[in-house]
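Q: structure of the sequence below:
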Amino acid sequence: MTTKCAIVTALILLAACNPPATTMEPLPETATFGADLEFLQEHTSLVVLTDAEGQAQVAVSPDMQGRVLTSTAQGSEGTSFGWINRTVIASGQRQEHINVFGGEDRFWLGPEGGQFSIYFKEGDPFDLDHWYVPEEIDWGPWALLSQSAEQVAFEKDMRLENYSGTVFDLRVDRMVRLLSVDSVNVLLGLEIDPGVQMAAFESVNTVTNTGSEAWTSETGLLSIWILGMYNPSPTTTVVVPYAAGNEEDAGPVVNAAYFGEVPADRLTHDDEVVYFKGDGEFRSKIGFSKARSMPTFGSYDAANGVLTLVQYTLPDEDDHYVNSMWELQEDPFSGDVVNSYNDGPPEAGVPPLGPFYELETSSPAMALAPGEAHTHVHRTIHLQGDEAALDRTAMAVLGKSLEEIQSAFGE
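A: Okay, here's the model as predicted:
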């Protein structure tokens, strides 16, 4: 099993083999934010960030490790952007290996596999039976430090041990905050058209080495890993601009060797952009190395007219990224910076986990001295409204028109 895709395989198999006892009535394909909010408020504590007009709203759960569960750009009747697992949330039952709550910005740590993994104990085989998400990032509340109308801050102290026996003492400080139109204009280098509704937020994630020993590549390093899970549609396309360069120097344009070959009608690229289907109908995953990663990527959901953009802390030239392959590795620091996953049935007759699709980013491997800290920012921008205005934004940020994105697979 290869790299970070192993986690998704685990999720699907666990969901298929060990479903929670509680079952829920299915929702319409596109739930409103108000419907999701009403459900969530019945089952977990929430901090709802909102702008002055009450249109942009972001639901954050202190009980679920400070994750952003969902958001909207158009108030309670607007589209709910985040995928949430109603069955697992309503059950209230802790699952043995992982709790798949969903959410469009959750905090995790890498690496997942290898000799420096924090998901396997020393000497255990790299298989599903021995894989466990550390409790600190999977279950239980994080301390709520402060909140206001537009931001909320959390803190969590952790002690983790990797496969090689290295112990990490650390503190995570996490802030989630709404972003104004003015801020997004600066970040994107353009002006959002007045005909576009926007929900934009960022998570600022800081890890501090609170122990007495330095973290070194010889004994293993951690990385910050932020994952966003979104509602799919038959017309959702993930769009990832990539850095130019021949493969001899920069490596493959895209790493698609996760679940076997991805069909050409689901993954394609030109000289500037990789297109990947986010329809929740075929299990597949792609990744981008440091040499290929660009500052902004995203997706377009043509069915609901939603352009989603993700920005993150760009890598420096000398950064290395953890490798999450489920094996003892020759190169434990050759991992991906950006990933996208599309859910789907793991095999014929077996239901998908969600379905959903994911946009993910990772920090570099963190070589921290005692008291030293590293911060990774993951930014999510949802735009909805006037199609011509969305088209201009897509061209400016992703380099492609909405027509080009929608016709990437000849549809």
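
Q: what about the helices in the stretch 1-150 of the chain?
A: 5-17, 33-43, 86-91 (DSSP state H, counting those that start in this stretch).

Q: those: lowest mean pLDDT?
A: Mean pLDDT across these is lowest at helix 5-17; the value there is a mean of 46.

Q: what residues are up against Val68?
A: By Cβ atoms under 8 Å, 6 or more residues apart in numbering, the residues touching Val68 are 58-60, 82, 103-106, 176, 201, 203, 380. Backbone N, C-alpha and C define where each C-beta goes, glycine included.

Q: give me the beta-bridge partners of the residue nearest the centre of the chain?
A: A centroid search over the chain (Cα atoms, centre = their mean) returns Leu227, at 1.6 Å, as the residue closest to the centre. Per DSSP bridges, the residues bridged to Leu227 are Arg106, Glu360.

Q: need the pLDDT of it.
A: pLDDT at Leu227 comes out at 98.

Q: these two touch, right, it and Arg106?
A: Yes. Counting by Cβ atoms under 8 Å, Arg106 is a contact partner of Leu227 at 5.6 Å.

Q: can you list the low-confidence ranges for the protein?
A: 1-30, 411 (pLDDT under 70).

Q: quick one on the thing from earlier: buried ones among the contacts of Val68?
A: Neighbour-count burial (16 or more other Cβ atoms under 10 Å) applied to the contacts of Val68 gives 58-60, 82, 103-106, 176, 201, 203, 380.

Q: so what's Val273 closest to, chain neighbours aside?
A: Pro241 (5.2 Å; Cβ to Cβ, 6 or more residues apart in numbering).

Q: what sits up against the one helix or strand Gly298 maps to?
A: Taking DSSP states H and E as the criterion, Gly298 maps to strand 296-301. The contact list for strand 296-301 (Cβ under 8 Å, 6+ apart) reads 188, 230, 233, 235-241, 278, 306-311, 338, 340, 357, 359, 381, 394, 397-398, 402, 405-406.

Q: can you tell me how far Leu368 is from Trp215?
A: 5 Å (Cβ to Cβ, to the nearest Å).

Q: swap in Gly165?
A: From Gly165 to Trp215 the distance is 14 Å (Cβ to Cβ).

Q: that older thread, so for Leu368 and Trp215, which residues contact both of them?
A: With Cβ under 8 Å, 6+ apart, Leu368 and Trp215 have common neighbours Asn209.

Q: between these two, point out the one with more neighbours.
A: Trp215 (23 against 20; other Cβ atoms under 10 Å).

Q: now do the contacts for the more buried one.
A: Counting by Cβ under 8 Å, 6+ apart, Trp215 has contacts 168, 209, 221-222, 366-369.

Q: let's see that with 7 Å instead.
A: Each residue near Trp215 by Cβ atoms under 7 Å, 6 or more residues apart in numbering is listed here: 168, 209, 221, 366-368.

Q: want to throw these into a markdown table with distance to Ala388?
A: Listed next are these as a markdown table, based on distance: Cβ to Cβ, whole Å:
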| residue | distance to Ala388 |
| --- | --- |
| Phe168 | 50 |
| Asn209 | 49 |
| Leu221 | 46 |
| Met366 | 43 |
| Ala367 | 47 |
| Leu368 | 47 |
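
Q: outside of stretch 174-184, which residues touch it?
A: Contacts of stretch 174-184 (Cβ under 7 Å, 6+ apart): 49, 51, 56, 58, 60, 66, 68, 107, 150-154, 192, 198, 200-205, 381.

Q: and it, end to end?
A: 20 Å (Cα to Cα, to the nearest Å).

Q: my guess is Val262 contacts Asn255, does it?
A: No. In this structure Val262 lies outside contact range of Asn255 using Cβ atoms under 7 Å: 10.7 Å.

Q: what comes up buried for stretch 228-239?
A: 228-233, 235-239.

Q: can you flag the buried ones in the contacts of Trp215?
A: Buried among the contacts of Trp215 (16+ other Cβ under 10 Å): 168, 209, 221, 366, 368.

Q: once you drop chain neighbours, what's closest to the second one?
A: The shortest distance from Asn209 to any residue other than its chain neighbours is 4.0 Å, reached at Leu368 (Cβ to Cβ, 6+ apart).

Q: and the one you found, what does it touch?
A: 209, 215, 374.

Q: contacting residues for the residue of the chain most remote from its centre?
A: Here the centre of the chain is the reference, and by Cα atoms, centre = their mean the most remote residue is Ser212, at 31.2 Å. By Cβ under 7 Å, 6+ apart, Ser212 lies in contact with Pro370.

Q: that one sits in which helix or strand?
A: Using DSSP H and E, Ser212 is not contained in any helix or strand.

Q: same thing with the one 4 residues further on?
A: Per DSSP H and E: Thr216 is located in neither a helix nor a strand.

Q: okay, now it: neighbour count?
A: When neighbours are counted by other Cβ under 10 Å, Thr216 registers 12.

Q: what's the answer for Ala388, then?
A: So Ala388, with other Cβ under 10 Å, has 11 neighbours.

Q: did I read that right, it in a helix?
A: Yes. Counting by DSSP: H, G, I helix; E, B strand; the rest coil, Ala388 is located in a helix.

Q: let's have the chain start at 58 instead
A: Sure, I'll start counting at 58 from here, so that last one is Ala445.

Q: from Ser464, how far out is it?
A: Distance of Ala445 to Ser464, given as Cβ to Cβ: 17 Å.

Q: what of Thr294?
A: 10 Å.

Q: same thing with Arg323?
A: 15 Å.

Q: between the buried residues of stretch 285-296, which sits nearest Ser391?
A: Val295 (22.9 Å; Cβ to Cβ).

Q: and the closest one, helix, strand or coil?
A: Per three-state DSSP, Val295 ends up strand.

Q: with the one 10 residues further on instead?
A: Following three-state DSSP, the label given to Glu305 is helix.

Q: so who does Asp120 touch?
A: Counted by Cβ under 7 Å, 6+ apart, Asp120 has contacts 101-102, 198.

Q: by neighbour count, which of these wins?
A: Thr101 (18 neighbours).
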